[in-house]
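In: pasting the sequence and the predicted model now:
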Amino acid sequence: MGNKVYKDARAALAGIPFDGMTVMSGGFGLCGIPENLIAALRDSGVQNITAISNNAGVDGFGLGLLLETKQIKKMCSSYVGENKEFERQYLAGELELEFNPQGTLAERIRAGGAGIPGFYTKTGVGTVIAEGKPSQDFNGETYIMETGLNADLSIVKAWKGDTEGNLIFNATAKNFNPMMAMAGKVTVAEVDELVQPGDLDPNFIHTPGIFVQRIIEARCEKRIEQLTTRERT
Amino acid sequence: MGNKVYKDARAALAGIPFDGMTVMSGGFGLCGIPENLIAALRDSGVQNITAISNNAGVDGFGLGLLLETKQIKKMCSSYVGENKEFERQYLAGELELEFNPQGTLAERIRAGGAGIPGFYTKTGVGTVIAEGKPSQDFNGETYIMETGLNADLSIVKAWKGDTEGNLIFNATAKNFNPMMAMAGKVTVAEVDELVQPGDLDPNFIHTPGIFVQRIIEARCEKRIEQLTTRERT
Amino acid sequence: MAWTRDQMAARAAQELEDGFYVNLGIGIPTLVANHIPAGMDVTLQSENGMLGMGPFPYAGEEDADLINAGKQTITTLPKSSFFDSATSFAMIRGGHIDLSILGAMEVAENGDIANWMIPGKMVKGMGGAMDLVAGVKRCIAVFDHTNKRGEPKFLKACTLPLTGQNCIDMVITDLGVFAREGAQRRFRVQELAPGVTVDDVKSKTEADVVYD
Amino acid sequence: MAWTRDQMAARAAQELEDGFYVNLGIGIPTLVANHIPAGMDVTLQSENGMLGMGPFPYAGEEDADLINAGKQTITTLPKSSFFDSATSFAMIRGGHIDLSILGAMEVAENGDIANWMIPGKMVKGMGGAMDLVAGVKRCIAVFDHTNKRGEPKFLKACTLPLTGQNCIDMVITDLGVFAREGAQRRFRVQELAPGVTVDDVKSKTEADVVYD
C-alpha cells in the first residue's frame, strides 16, 4: 500500500529540495502557514528558491526564516509589508520581487493546478501589472492574459488530514492552501490532526487526497499578527 | 431584512423568465437536478430557451419536460444520449446543439462565474471542438481558447440550504450545481432541507449564500437511471 | 466644518442597502461596519476567505485561524461561510460583491484610483485592491480631501501608479460627497460637510467636478 | 486464441501500480476494477465528482445521489471524497490522474484516438472523453482489434472525428498489447494473446507497428 505518512517535516521533505526550485507556501499573513515544513525547508539548506506565497512572513517567523538565511532568490506575492529583513534585502537588490494582485495570484495557482496555462482577467488593466502582458477585448471590455503557475514543491497547512491525503481546513486558515496543493508537482501537507480514512466525511473534504503526496502531523505555534479584541460591555 | 426564501418553485421563479433567455440547470444525468424548478420553468411558458446543462434529461423527466413542450431552442451540453425526443427534434432540425467536452463545460461555467472571459485548455486540440477557436502555444504545446459562460438564470439542486442561501450538496449530486450557482445573474436553489443560519458549519459550506438569490424547500423524486446492484455473497 | 473620520464612515454607510454584500478596506472604510443601520442585512466579505464577518472577539476568545484581510482577529456570525482564496476572488472578479469601500491616495476625475504604491518608497504590494476595484459592482473611495501638505488628492489625472482605471463611482472626503452615474459621466457634488462651501471645495480640488 | 473481454480487462489491470489514481471508461475498461491485484492501493476516479469509487450497492441500499460517470449506482469507501465537476476536471486536465483506460472506435499509429462520434449517426456527445485523453498522464485504449466487418480499427490514420491527438500510450486488443514509449515513438508489439501469431496481427492491422 502506498504510504503518504511521514514521521516529521524533515523526513517528509527528504529527497525533494534542489537549488533553484520553485516552492509554493500556503497561508495568508501568518494564518494557515506550514510552520514546520518551512523550518525543515530552511534546514535542508536548499538555495535560490523562487517562493510563491501571498505574503513573506514576518522577521524570524514563517517565510521570514528563509529570508534571514538568504535561501530565497525571488518572491512572488501580493503583499510583503510586514517584514523588515525582506525590505532590506529588496532595497539592497539582493532579492527579486514579482507582485501579483491577490486574486490574480490565487487564480494563477488554481489554473496551474487545473492544467490551464493562461486566462484573461480585468484585474490590473491600465496598471503596471498589465505591462508586457497580452491583452484582448471581450464584449467591448479589455482584459489581460495571466499565466498558470506550478511549483516543484507545495507546502500546505491543514487542520485535519487522513492517511490518504484528504484534507480539511479551519476557518480563514484555508486561504491559498487548497490551490497550492493542486499546483505542486509534489505537495506535502502538515496537519494539526492526522486521522484514519473514513474519519473525514467525504462530502466535506476540501482537498482530495490525489493532490497530496506526503503528510505529517505536527504542532504549530500559530502566531497572531494583529490581536484585536473588543471590550465586554 | 432581505429575504431569499420563497414558498414554492413557481413563486421562486416569478418575474424571472423571459423568451430567449439562457438557463443553466444543474445535475449529471438525473442526479442532482432541480426537478421542481424545471417543472415550474415549463409551467411559466417561457419560449426559446438556451439551456446549458451537462445532459438533456430523459423523455418526460428533467430537462426532457422542456424538450417535450419545445421550449428549448438550443442545448449546450457534453452528452445527450438518453433522450429520444431530443434525438427526434435534433435530427428534424428543430433544436440547436452545441457540444462541449465535459471538463471544458464545467470550467467555462466556473470562469463565467469568476469573471474570467476566456481561458486556454488542451482539451479538444486537433478535434472538431477546436474549429474556429483561437489557439496559442504555451511551453511548446498548443492550447485552444474557450470562453466563460453566464446565464440569465441558474437553477440548482442542493441537499441543505439555509435562509441566507448557503448550500451544501450530497455525494455526486454536487456535480455542476456549485459552478452554475456562481454563473447565474439570478440563481434559484431548491433544497431537500431548508435550515436556519448557523445550522450549517461555516467550514463546510459548498456554495456561499452570495451566489444564491432565491431558495425553496421542495421534495424531489430522485429517479435512478441505471440501477446497478451486486449480489450478497 | 470638515467631517471626522467617523463621520466620513457614517456617510459611506448611507450607501449601504438591505441585502448587500460589501467589502471594506483598511482604515476609515473599516469604521463603516460600526454604522450599518439596525435591522439592515449587510454581509461583510473579507477577501482572505470569509463571508459574514463578525465583530472582534472578546479578549481570550481570539482564534489564530480566524482573521480578516487586515490580519486582525475576528469572529463568525450564524450566516458565515469560509472559502479558499480562488473562490473569494471569484466572488470579487465575477461581480458578485455589491459594494467596495476603500481608501485612496489619489482619485482622478475619470474614476482612476491610486492607492497602492509611491515610487521611491518601499512598496508593500497591492494585496487584493486591484481585484476589488476591477471586479466589484460599485466602488466608493473614502479619503481626506487633501494630503498633509494641503495639496488636492482628487485630481485631473492620477500621478501615482494606478490601482485601477475608471472604476470609482463615488468619492467621500472630509469635505463632501462626489458621485457620478456611470463610467462616462463626470463627478458631481452631491453633498457638502456642514459649513463647507463650494469655494472651499473648489480651492482644494483639482478634478473637474460639476458644482450645481 | 484471442482474449475475451474479461481477459483484456485483466491484461489492462497489469498496468496498474500501487498508489495510482485511475479513471476507467465505460465497457471493457469498467471490468478492470475486478482485476486490481489484492493489496494494491488503486483509487478510482469517477469524473462526475468522486475519488475512491466503491463497488455497486446491495439491492435496496442504492442512493440516487451516488452514481458513477456511467450513471450506475455505486458506493463509497473509507477514503472517498466528493467534489464538483470543475474540480473533477481540474484533476484530469491538470495531469493528476495517473492512468486512463478507455474504449476506442479507432486508434491511429500516431496515437490519435476516435471514440465519440460516427458522422451520419445521432451523436450522443463526448462527455468527459476529450478531457481525459488530453489531460491524463497515461492513456490505454482497449478495444476489439477489428470491427464487426473484420476491418482493422488500429489504423494509419483515424477516419472518424478525433477525440484526441497523439495521446494513446498503449493499445490492448483481443489480439495483443501494443505500446510506445513516447509521443514521437512507434507502437511496438509487446505481447500477443495465446496462439495469436504476428502474421495474424499483421493481417488485421493497418497501423505501422514494430514487430520484433
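Out: Thanks, I have the structure now. Numbering: from 1, shown residues only, chains lettered A, B, ... in the order given.

In: for chain C, which residues are neighbours of chain B?
Out: Counting by C-beta under 8 Å from any C-beta of the partner chain, the residues of chain C close to chain B are C:18-19, C:21, C:39-41, C:43, C:45, C:51-52, C:76-83, C:86-87, C:89-97, C:135. Placement of C-beta: from N, CA and C, glycine included.

In: can you pull out the strands in chain A?
Out: Along chain A, the stretches classed as strands by DSSP state E are A:22-25, A:49-52, A:72-77, A:96-99, A:118-121, A:135-138, A:141-147, A:151-162, A:167-168, A:184-195, A:214-217.

In: counting by contacts, list what the last one packs against.
Out: Strand A:214-217 sits against helix A:9-13, strand A:184-195, with contacts defined as 3 or more C-beta pairs under 8 Å, 6 or more residues apart in numbering or on different chains; DSSP states H and E.

In: please export the C-alpha coordinates of it as CSV.
Out: Listed in CSV are the C-alpha atoms of strand A:214-217, where the atom choice follows Å, rounded to 0.1, in the frame of the first residue of the first chain:
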residue,chain,number,x,y,z
ARG,A,214,3.1,13.3,1.7
ILE,A,215,1.6,14.2,5.0
ILE,A,216,2.7,14.8,8.6
GLU,A,217,1.1,15.6,11.9
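
In: near chain D at all, the longest strand seen in chain C?
Out: Secondary structure of chain C read by DSSP E shows that its longest strand is strand C:76-82. No. Taking C-beta under 8 Å from any C-beta as the criterion, strand C:76-82 and chain D are apart, separated by no less than 15.6 Å.

In: so residue C:48 versus chain B, what's the distance?
Out: 14 Å (C-beta to the nearest C-beta, to the nearest Å).

In: and for residue A:68?
Out: Distance check for residue A:68 against chain B: by C-beta to the nearest C-beta, it reads 34 Å.

In: and the spatially closest residue to that residue that is not a sequence neighbour, what does it touch?
Out: With C-beta to C-beta, 6 or more residues apart in numbering or on different chains as the measure, residue A:85 is the residue that lies nearest to residue A:68, at 6.0 Å, once sequence neighbours are left out. Counting by C-beta atoms under 8 Å, 6 or more residues apart in numbering or on different chains, residue A:85 touches A:59, A:64, A:67, A:68.

In: of those, which is the most crowded?
Out: Comparing the contacts of residue A:85 by number of neighbours (other C-beta atoms under 10 Å in any protein chain shown), residue A:67 comes first, having 28 neighbours.

In: surely it and residue A:89 touch.
Out: Yes. Proximity of residue A:67 to residue A:89 meets the contact threshold set by C-beta atoms under 8 Å, at 6.6 Å.

In: check the contact lists of these two and give me the overlap.
Out: Shared contacts of residue A:67 and residue A:89, defined by C-beta under 8 Å, 6+ apart, are found at residue A:95.

In: of all the helices and strands packed on strand A:214-217, which one is nearest chain C?
Out: Chain C lies closest, by C-beta to the nearest C-beta, to one member of those: strand A:184-195, at 9.5 Å.

In: pull out the buried residues from the closest one.
Out: When neighbours are counted by 16 or more other C-beta atoms under 10 Å in any protein chain shown, the buried residues of strand A:184-195 are found to be A:184, A:186, A:187, A:188, A:189, A:190, A:191, A:192, A:194.

In: what is the nearest of those residues to chain B?
Out: Distance to chain B, by C-beta to the nearest C-beta, is smallest for residue A:192 among the buried residues of strand A:184-195, at 13.3 Å.

In: quick one: contacts for the closest one?
Out: Going by C-beta under 8 Å, 6+ apart, residue A:192 touches A:158, A:159, A:160, A:170, A:217, A:219, A:220.

In: now the residue lying farthest from the centre of chain C, nearest residue through space, not along the chain?
Out: Of all residues in chain C, residue C:60 sits farthest from the chain's C-alpha centroid, using C-alpha atoms, centre = their mean; the distance is 30.6 Å. Distance criterion C-beta to C-beta, 6+ apart; nearest residue to residue C:60, sequence neighbours excluded, is residue A:229 at 8.0 Å.

In: which residues touch that neighbour?
Out: By C-beta under 8 Å, 6+ apart, residue A:229 lies in contact with C:56, C:57, C:58, C:59, C:60, C:61, C:62, C:73.

In: can you check residue C:95 too?
Out: With contact set as C-beta under 8 Å, 6+ apart, residue C:95 has these partners: B:115, C:135, C:136, C:137.

In: rewinding a little: what about the residue farthest from the centre of chain C, which SS state?
Out: The assignment at residue C:60 comes out as coil when based on DSSP: H, G, I helix; E, B strand; the rest coil.

In: isn't residue A:79 right next to residue C:130, touching?
Out: No. Contact between residue A:79 and residue C:130 fails when scored by C-beta under 8 Å: they sit 11.4 Å apart.

In: and those two? which has more neighbours close in?
Out: residue C:130 (33 against 25).

In: now the one helix or strand that one maps to: mean pLDDT?
Out: For residue C:130, the element it lies in under DSSP states H and E is helix C:129-135. In this model, helix C:129-135 carries a mean pLDDT of 98.

In: name the helices or strands packed onto it?
Out: On a contact count with 3+ C-beta pairs under 8 Å, 6+ apart, helix C:129-135 meets helix A:102-113, helix C:85-93, strand C:99-103.

In: what strands line up against the last one, and which way round?
Out: Same thing as strand C:99-103. Sheet pairing here is set by DSSP bridges, and for strand C:99-103 it gives strand C:21-24 (parallel), strand C:138-142 (parallel).

In: re earlier: quickly list what's touching both of residue A:79 and residue C:130.
Out: The contact lists of residue A:79 and residue C:130 share no entry, where a contact means C-beta under 8 Å, 6+ apart.

In: need the contact list for residue C:49.
Out: A:28, A:172, A:174, A:175, C:82, C:83, C:84, C:85, C:87, C:88.
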